[in-house]
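Student: Need coordinates for the following:
(chains A and B)
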Protein chains: 2
Amino acid sequence: MVKISIIGAGSIAWSASLIKDICLTKSLWGSTISLMDIDRERLKVIYGLAKRYSTEVKADLKFEKTMNRKKALENADFVFNTVLAGGHNNYEIQRKVAEKNGYYRGIDSVDYNMVSDYYTIGGYNQLKLFMDIARDMEDICPEAWLFQTANPVFEGCTLLTRETKLKVIGLCHGHIGYKTVAKRLGLNLKEVEVQSIGFNHCIWMTSFLYEGEDAYPLLDDWIKTKADIFWKNWNPEYYDVEMSPAAVDMYKRFSLFPVGDTARSGGWKYHTNLETKKRWYGPLGGFDSEIGWARYLRDLRKQMDKMLKVYNNPSTPVKSIFPPVKSGEQHVPIVDATVNDKDRMFQLNIPNKGAIDSIPNNVVVEVPAIVNRRGVERIHVGRLPKLLMLHVIIPRMLRMEWALEAFLEGGKDLLFEWLLNDPRTRSLEQAEALIKDILTLPFNKEMAKHYK
Amino acid sequence: MVKISIIGAGSIAWSASLIKDICLTKSLWGSTISLMDIDRERLKVIYGLAKRYSTEVKADLKFEKTMNRKKALENADFVFNTVLAGGHNNYEIQRKVAEKNGYYRGIDSVDYNMVSDYYTIGGYNQLKLFMDIARDMEDICPEAWLFQTANPVFEGCTLLTRETKLKVIGLCHGHIGYKTVAKRLGLNLKEVEVQSIGFNHCIWMTSFLYEGEDAYPLLDDWIKTKADIFWKNWNPEYYDVEMSPAAVDMYKRFSLFPVGDTARSGGWKYHTNLETKKRWYGPLGGFDSEIGWARYLRDLRKQMDKMLKVYNNPSTPVKSIFPPVKSGEQHVPIVDATVNDKDRMFQLNIPNKGAIDSIPNNVVVEVPAIVNRRGVERIHVGRLPKLLMLHVIIPRMLRMEWALEAFLEGGKDLLFEWLLNDPRTRSLEQAEALIKDILTLPFNKEMAKHYK
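Tutor: Sure, this is the predicted structure:
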């Protein structure tokens, strides 16, 4: 069978889902899973859990663990990149430095992408790591597929597909947010068919069918008759971003409904401060407020503690925390489709090449496409409304280009040009102070050289 | 010969230059000049001055005056559009309303175009008037050339070339700003050759030759050894925008020198307040500060008074205020080139159609092109540097598209989307109050209907 290498396997929540999916996919049994991370402890934990889980569900798989990336890539057929350079810890330190300089929620919170662990301009280390992994792959396993799961998916995949010859697919689970919409409308999920297109974290429902008929009127009806009640009784335990006032407002502005993480973004209108975020995203202020994000990070730690507890207690079945049901992530089904030549439709981040009208070929878009043994087959999904193009898609694309230009060319001026366009920048001195503070962070030494 | 119609001939300074040029171009004698304006008094003055001047220089031309636009267009071969709907007066009222709401220098001062009588988003009346004139031309003189001189040249020409079948050329004199640069460097103008390309008010010197050799090193030398002295001894009587610290800073940022009005713009970095403007544009704060612009308007009035005085004193030769030397404007030489089939190079605003790389065909660019009896012949002028494309050209183009979309589609939301992207917008309430105030101005009744 095949060899799948998970780079950054220490992000345990993530790799646990992927390992579970492989274990539950009989048609991939006989394969080897290589777990790679630079964190010895976490690697030990995920390796131990993976082996136990595999035994519990009687899967026939071989597991390896290594701290050596090159070794993990040897003979790899599929590489899943899930790394976050420096982890959440560094991200939060960098955010704090930015907030001290007047940049609420950090410099990487930008128009049309406010996702709180998504690097754009501040992510030199992350993009550098993406490129390093890709260069290793070009040397060691040039024919392997690279499934880019780590953010920034839009910037990263555009960079990797432009700068390398690898087969790159960007994967995100945001598009399944349509299920939450369908659930709120009380629809039977099996009868719902949705097409969402755009960029990662910026996808828009171009088609929404229920039992074969346009379901947008059902959505309009919910907004008219039920939205206010729903928002008034907002359960403070839930983010509910998919049907938030922000999502509905974005729909009103651009005439297509935003799907999944798209509603978390949508420009400064919804994000200038906590009060504004609460108005648009409910009591938590959404995923990306200081409240919502702290809760998300706390939940990640809780999950990690739960897994550690099971790891430390060999008599507890791993199944007890990972019930043997597939995760819904696309990675393993895509491997299955290519290896076993099953034609299947997935939601992929791939170079546009004509899929969406009026977007350059070398910009990565998020669209449905078919995968089989021959690779990826694009569908021409047509155009997005002009207003959406002018006020969301092109500005978002421009920010991606600014980020890539800064990453590829270096020089402090490029950071500065970016910040000149940030609505939080009130003076040149403020932008200069921020750049200085970020570049003197100990983990940004290499970044500082690049932007000197 | 031909009939030339000047629409908005009451903008006397402008039409006086054009009339002078026609009088001094023998190869166009025998032609008819139709002066049209809705201001009876001003029309009388320009008509009287034109006739006297023509007699003084012994030109053989026929003059007509009319307040009826359709009549002016009858049998026209060339139409010069120099109108400013509502004049400077309305512009200044609208600016005041915007400033009251926190929008320093008015809503039409936007990134990459700060020219103070250049409408972008606030110019519904102006663009509407352009379209009305063009529709009349389609009915009455569909084969005539339209020389669009009134601002906004970029937005207006793109609109007109997309929405009508007329032959449209946008004309501006900003590109001759290179002469000021050459003068400062002490160069013999006859040996200077320059190519500047981009959009109107946003052109960049892609080639600068002196005696056939690259003259950029001379410019670099001036910046290094003479700029500081020049700026320290800035004559407060002069704007000197062409060689201002802003111009030099833009050159450093984007590696091409900005030409003419381009240096007046360049983003909020140079324009956030009067103090900032003074830092970058000298003691007057440039053309577009409250000081510089008030002075410009005062000078316009002075010039007008001078002309009125001559008008009221038939014994004073008009030549005394308009010495018989050609103005340097391109209008009349272009007429001459098409009528008398003289191949000549001009600086034109025309649909790109491949002239500059990576700009859509249906966006109007400012480039050198050849004009002769067959019309306009484009030259492929190549590409602009990537950084300039990403941080100036594309954002400026996007603002043009926002303005046209708002003008064509209407609805308050489109004004609002625009203002969401304005760095001066601090809250949604501020933007809403501004829109309300502007749309209740008595001269914006039609605009209010459009954006209701």
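Student: tell me which parts of chain A are close to chain B?
Tutor: Residues of chain A lying close to chain B (Cβ under 8 Å from any Cβ of the partner chain) are A:253, A:267-269, A:272, A:386-387, A:390-391, A:394-395, A:398, A:401-402, A:405, A:409, A:413-414, A:417, A:420-421, A:423, A:425, A:427-428. The way it works is simple: take the backbone N, C-alpha and C, and place the C-beta from them, glycine included.
Student: Narrow those residues to those that are buried.
Tutor: A:253, A:267-269, A:272, A:387, A:390-391, A:394-395, A:398, A:401-402, A:405, A:413-414, A:417, A:420-421, A:423, A:425 (16 or more other Cβ atoms under 10 Å in any protein chain shown).
Student: Residue ranges in chain A under the pLDDT threshold?
Tutor: Scanning chain A for pLDDT under 70 picks out nothing.
Student: for it, what spans make up the strands?
Tutor: Assigned by DSSP state E, chain A shows strands spanning A:3-7, A:32-36, A:62-66, A:78-81, A:145-148, A:167-170, A:192-199, A:202-210, A:213-214, A:257-259, A:344-351, A:364-372, A:375-378.
Student: mind checking which of these is nearest residue A:156?
Tutor: Ranking the strands of chain A by proximity to residue A:156 (Cβ to Cβ) places strand A:145-148 first, at 5.5 Å.
Student: other SSEs contacting the closest one?
Tutor: strand A:78-81, helix A:124-140, helix A:153-163, strand A:167-170, helix A:331-339 (3 or more Cβ pairs under 8 Å, 6 or more residues apart in numbering or on different chains; DSSP states H and E).
Student: right, so of those, which gets closest to residue B:99?
Tutor: helix A:153-163 (38.4 Å).
Student: Now do the closest one against helix A:124-140: the angle between them, please.
Tutor: Angle, helix A:153-163 to helix A:124-140, by axes from the mean of the first three to the mean of the last three Cα atoms, to 10 degrees: 40 degrees.
Student: Output the helices and strands packed on strand A:145-148 as TSV; include the columns distance to residue A:176 and mean neighbour count.
Tutor: Shown next, in TSV, are those (distance: least, Cβ to Cβ, whole Å; neighbours: other Cβ atoms under 10 Å in any protein chain shown):
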stretch	distance to residue A:176	mean neighbour count
strand A:78-81	18	26
helix A:124-140	24	19
helix A:153-163	15	24
strand A:167-170	15	25
helix A:331-339	13	21
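Student: before we move on, the earlier item: highest mean neighbour count out of the strands of chain A?
Tutor: strand A:257-259 (a mean of 30; mean count of other Cβ atoms under 10 Å in any protein chain shown).
Student: Tell me which strands it pairs with, and in which orientation.
Tutor: strand A:202-210 (antiparallel) (DSSP bridges).
Student: Need the contact partners of the strand it pairs with.
Tutor: A:112-113, A:154, A:174-175, A:178, A:182, A:187, A:191-198, A:214-216, A:218-219, A:254, A:256-260, A:262, A:265, A:366, A:381-382, A:384, A:388, A:392-393, A:396 (Cβ atoms under 8 Å, 6 or more residues apart in numbering or on different chains).
Student: how near is residue A:96 to residue A:127?
Tutor: Distance, residue A:96 to residue A:127, using Cβ to Cβ, to the nearest Å: 21 Å.
Student: And the helices in the stretch 301-450 of chain A?
Tutor: A:331-339, A:386-388, A:394-409, A:412-420, A:428-439, A:445-450 (DSSP state H, counting those that start in this stretch).
Student: CA-only coordinates of the third one in CSV, if you can.
Tutor: Right, the one you point to is helix A:394-409. The C-alpha coordinates for helix A:394-409 follow below in CSV (Å, rounded to 0.1, in the frame of the first residue of the first chain):
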residue,chain,number,x,y,z
ILE,A,394,-10.1,41.2,-5.1
PRO,A,395,-9.2,42.9,-1.9
ARG,A,396,-8.6,39.6,-0.2
MET,A,397,-6.5,38.4,-3.1
LEU,A,398,-4.5,41.6,-3.0
ARG,A,399,-3.7,41.0,0.7
MET,A,400,-2.5,37.5,-0.2
GLU,A,401,-0.2,39.0,-2.9
TRP,A,402,1.1,41.6,-0.4
ALA,A,403,1.9,38.8,2.1
LEU,A,404,3.7,36.6,-0.6
GLU,A,405,5.6,39.6,-2.0
ALA,A,406,6.8,40.5,1.6
PHE,A,407,7.8,36.9,2.2
LEU,A,408,9.6,36.4,-1.1
GLU,A,409,11.3,39.8,-1.4
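Student: Check the offset of that helix from the chain's centre.
Tutor: 18 Å (Cα atoms, centre = their mean, to the nearest Å).
Student: With the shortest one instead?
Tutor: In terms of Cα atoms, centre = their mean, the centre of helix A:386-388 is found 24 Å from the chain centre.
Student: So what touches that helix?
Tutor: A:204, A:253-256, B:405, B:409, B:414, B:417.
Student: what do you get for the fourth one?
Tutor: Contacting residues not belonging to helix A:412-420 are listed as A:107, A:121, A:402-403, A:405-406, A:425, A:431-432, A:434-435, A:451-452, B:253, B:267-269, B:387, B:391 [Cβ under 8 Å, 6+ apart].
Student: Could you report the neighbour count for residue A:90?
Tutor: Neighbour count of residue A:90, defined by other Cβ atoms under 10 Å in any protein chain shown: 17.
Student: which residues touch it?
Tutor: With Cβ under 8 Å, 6+ apart, residue A:90 has these contacts: A:125, A:441, A:443.
Student: Now with 6 Å, please.
Tutor: residue A:443 (Cβ atoms under 6 Å, 6 or more residues apart in numbering or on different chains).
Student: Please report the distance of it from residue A:295.
Tutor: For residue A:90 relative to residue A:295 (Cβ to Cβ), the value is 20 Å.
Student: Show me what residue A:199 is bridged to.
Tutor: Under the criterion used (DSSP bridges), residue A:199 bridges to residue A:202.
Student: Verify the stated contact: it with residue A:154.
Tutor: Yes: applying Cβ atoms under 6 Å as the test, residue A:199 and residue A:154 come out as touching, 5.0 Å apart.
Student: quick one on the thing from earlier: who wins for proximity to residue B:143 among the helices and strands packed on strand A:145-148?
Tutor: So among the helices and strands packed on strand A:145-148, helix A:153-163 is nearest, using Cβ to Cβ, at 47.3 Å.
Student: Which secondary structure elements does the closest one sit against?
Tutor: strand A:167-170, strand A:344-351, helix A:394-409 (3 or more Cβ pairs under 6 Å, 6 or more residues apart in numbering or on different chains; DSSP states H and E).
Student: Throw the contacts of helix A:386-388 into CSV and include distance to residue A:355, thanks.
Tutor: As requested, the contacts of helix A:386-388 are arranged in CSV below (distance: Cβ to Cβ, whole Å):
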residue, distance to residue A:355
A:204, 14
A:253, 24
A:254, 19
A:255, 20
A:256, 16
B:405, 24
B:409, 26
B:414, 28
B:417, 26
